[in-house]
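Chemist: Compute the structure for the input listed below.
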Amino acid sequence: MAFRTSSRLFGALPCLLFACAAPSIALLATAQTSADGPRILPHVTIAGLDVGGLTASEAVEVLSTQVADELSREITLRAPDHEFAITLRDLGGRADLEDAVARALDVGRGQTVPTALREAVDTILGSFEVDLPIILEPARARTITEGLLSDVRREPRDARATVANGELVIEPHIVGVEPDVQATTEALIEAAHRGDPAVTISVREILPEVLTSSLEDLVLLASFTTHFSTGQVNRATNIRIGSALIDGAVVPAGAIFSVNQTTGPRTSDKGFLAAPVYSGQDVIYGIGGGVCQISTTIYNAVLEAGLKVVERHQHSLPVHYVPRGRDATIDYGSADFRFQNTTGGPIIVRTTIDGGYLTCALLGRKSSATSGSREGSSPAQPASQPPAEAKPATGEPLTRGAPPYESAASSADLGAEASN
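Modeler: Predicted coordinates for the structure are as follows:
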């Protein structure tokens, strides 16, 4: 019986203590009230700052300076080759001071007796901490982050093979970088809440289609260079456009390469301009004039490589950029230059321009560079340095067979569809 009696008394002890403490808690809360309104209980802190004994307006004023400092806190974003510093204010950060102060005022007031007692005891024995989180709006934070990360973005670039000073040069590929805006934004928000000083930018690598390793076994089969006048603006423009359309073309083993099929019609909507062309024994203006120099340069590289010439037409008048008999005129729909890849492996056709020099380089695989029959090619004549280009005097009318110009195949009038 005694055990049961003492058990009942022990179980009632917390209730007795709460009942005795309740008046003290009420007295403590009442004592923290002034003519200016209720005051926060002693030893209550907000974000580490003691606001005990302050009214709500006083606490907000005291906290404002600390919050301003917190919003100026920088977080560093890091990625390879890039580093940015951004403040919480830049990210649209804010702190709800009124809510934090209201929660501080509620300490020891308005809750259940057990909760009020626990909080009051905490303020007496030590302190009671009220948090003040920095609030970031995800949408605004994402917009700001996306703007910053635009500098991190990098487009992938294929490895390229070109020729310099008669030597094959492999330009390595560049891996693209695409920043993960959403993941970086989430990491920034989390860092702001934890107080972390730095965030690693999340990125995704993008491999180009042509890797450096895929070009390592290329060899230079042949190359040929011709000169053109950059002062003849329309003609030079046509050469640049046509060269860009051909550059990088891949000719599989056994396949036939066609200049006309590769460039398509040389029309004004592609940027081709009117320039002098040969029409029989006359010189006229035609859209795309000058592209015959591209086909001629390719033809000479094909001869040097010993590949099979499938179709080739000679100009009706001599041209200035190669020796007589080494030219190849084209006219879309009537005359083409074509060759067959007889190496047993793919060939890459590079047509590049450096100042007033047009170079065609034929690249092939080491394993197939010496294979194939290469029958049907014409003997190559040395032409390492083409003759200087002659130009008519300013204002001089076009004359029959003037040296700077080239002809279309046959004597047909090329009109607006002329290719060179």
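
Chemist: contacts, neighbours, all on C-alpha from now
Modeler: Fine.

Chemist: Helices of the stretch 301-420 of the chain, residue ranges please.
Modeler: Listed in chain order, the stretch 301-420 of the chain contains no helices at all (DSSP state H, counting those that start in this stretch).

Chemist: Any regions of it where pLDDT drops low?
Modeler: Within the stretch 301-420 of the chain, the stretches with pLDDT under 70 are 367-420.

Chemist: element containing Asp99?
Modeler: helix 97-105 (DSSP states H and E).

Chemist: Report all helices and strands that that helix contacts.
Modeler: Packing contacts for helix 97-105, counted by 3 or more Cα pairs under 8 Å, 6 or more residues apart in numbering; DSSP states H and E, involve strand 44-46, helix 56-71, strand 128-130.

Chemist: nearest to Val177, of these?
Modeler: helix 56-71 (30.7 Å; Cα to Cα).

Chemist: tell me the angle the closest one makes with helix 97-105.
Modeler: On the basis of axes from the mean of the first three to the mean of the last three Cα atoms, to 10 degrees, helix 56-71 is oriented at 120 degrees to helix 97-105.

Chemist: in helix 56-71, what counts as buried?
Modeler: Neighbour counts using 16 or more other Cα atoms under 10 Å place Ala56, Ala59, Val60, Leu63, Val67, Glu70, Leu71 of helix 56-71 among the buried residues.

Chemist: Nearest to Asp151 among those?
Modeler: Each of the buried residues of helix 56-71 was scored against Asp151 by Cα to Cα, and Leu71 proved nearest at 24.5 Å.

Chemist: residues near Asp81, how many?
Modeler: 6 (other Cα atoms under 10 Å).

Chemist: repeat for the one 5 residues further on
Modeler: Neighbourhood size, Ile86 [other Cα under 10 Å]: 18.

Chemist: pLDDT wise, what is it at?
Modeler: At Ile86, the model reports a pLDDT of 89.

Chemist: shouldn't it be in contact with Gly92?
Modeler: No: counting by Cα atoms under 8 Å, Ile86 does not reach Gly92; the two are 10.8 Å apart.

Chemist: on that earlier part again, between the helices and strands packed on helix 97-105, which one is nearest to Phe272?
Modeler: Of the helices and strands packed on helix 97-105, nearest to Phe272 by Cα to Cα is helix 56-71, at 57.7 Å.

Chemist: Give me the packing partners of the closest one, helices and strands only.
Modeler: By 3+ Cα pairs under 8 Å, 6+ apart, helix 56-71 packs against helix 97-105.

Chemist: What lies in contact with stretch 180-200?
Modeler: 74-79, 88, 133-134, 136, 138, 141-142, 145-146, 149, 201-204 (Cα atoms under 8 Å, 6 or more residues apart in numbering).

Chemist: residues of that stretch that come out buried?
Modeler: For stretch 180-200, by 16+ other Cα under 10 Å, it's Val181, Gln182, Thr184, Thr185, Ala187, Leu188, Ile189, Ala192, Ala198, Val199.

Chemist: Pick the one among those residues closest to Asp331.
Modeler: Scanning the buried residues of stretch 180-200 for proximity to Asp331, where the rule is Cα to Cα, the winner is Val181, at 51.3 Å.

Chemist: give me phi/psi at the closest one?
Modeler: Backbone geometry at Val181, expressed as degrees, to the nearest 10, gives phi -60, psi -40.

Chemist: Where do the helices of the stretch 101-250 of the chain begin and end?
Modeler: Using DSSP H, counting those that start in this stretch, the helices found in the stretch 101-250 of the chain span residues 113-125, 138-149, 181-194, 233-246.

Chemist: could those go into CSV alongside mean pLDDT?
Modeler: Shown next, in CSV, are the helices of the stretch 101-250 of the chain (pLDDT from 0 to 100):
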stretch, mean pLDDT
helix 113-125, 65
helix 138-149, 89
helix 181-194, 89
helix 233-246, 97
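
Chemist: now for the ones you listed, which one comes closest to Glu98?
Modeler: In terms of Cα to Cα, the element of these nearest to Glu98 is helix 181-194, at 18.8 Å.

Chemist: How far does that closest one sit from its chain's centre?
Modeler: On the basis of Cα atoms, centre = their mean, to the nearest Å, helix 181-194 sits 23 Å off its chain's mean C-alpha point.

Chemist: what's the angle from that helix to helix 138-149?
Modeler: 110 degrees.

Chemist: Just the CA atoms of helix 181-194, as CSV, please.
Modeler: In CSV, the C-alpha atoms belonging to helix 181-194 read as follows (Å, rounded to 0.1, in the frame of the first residue of the first chain):
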residue,chain,number,x,y,z
VAL,A,181,21.4,26.2,-63.6
GLN,A,182,18.8,24.4,-61.5
ALA,A,183,21.3,22.3,-59.5
THR,A,184,23.6,25.3,-58.9
THR,A,185,20.6,27.5,-57.8
GLU,A,186,19.6,24.8,-55.3
ALA,A,187,23.1,24.6,-54.0
LEU,A,188,23.3,28.3,-53.6
ILE,A,189,20.0,28.4,-51.6
GLU,A,190,21.3,25.6,-49.3
ALA,A,191,24.6,27.4,-48.8
ALA,A,192,22.8,30.6,-47.9
HIS,A,193,20.8,28.7,-45.2
ARG,A,194,23.9,26.9,-43.9
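
Chemist: going forward, begin numbering at 52 instead of 1
Modeler: Renumbered: residue one is now 52, and that last one reads helix 232-245.

Chemist: my read: Thr313 touches Ala295, true?
Modeler: No: if you go by Cα under 8 Å, Thr313 and Ala295 don't touch, sitting 10.5 Å apart.

Chemist: Please say which of the two ends up with more neighbours.
Modeler: Neighbour tally, Thr313 and Ala295, criterion other Cα under 10 Å: the higher count belongs to Ala295, 16 against 13.

Chemist: Leaving out the residues flanking it, which one is nearest to the more buried one?
Modeler: Residue nearest to Ala295 in three dimensions, not counting chain neighbours: Thr402, with 7.1 Å by Cα to Cα, 6 or more residues apart in numbering.

Chemist: Please apply the same query to Ala210.
Modeler: His224 (3.9 Å).

Chemist: residues contacting the one you found?
Modeler: For His224, counting by Cα under 8 Å, 6+ apart, the contacting residues are Pro207, Arg208, Asp209, Ala210, Arg211, Pro259, Val261, Leu262, Thr263.

Chemist: now swap in Val261 and tell me
Modeler: Here Val261 is in contact with Asp209, Ala210, Arg211, His224 (Cα under 8 Å, 6+ apart).

Chemist: In the sheet, which residues pair with the third one? Tell me.
Modeler: Beta-bridge partners for Arg211, by DSSP bridges, are Glu222.

Chemist: so it makes contact with Glu222?
Modeler: Yes: using Cα under 8 Å, Arg211 makes contact with Glu222 at a distance of 5.0 Å.
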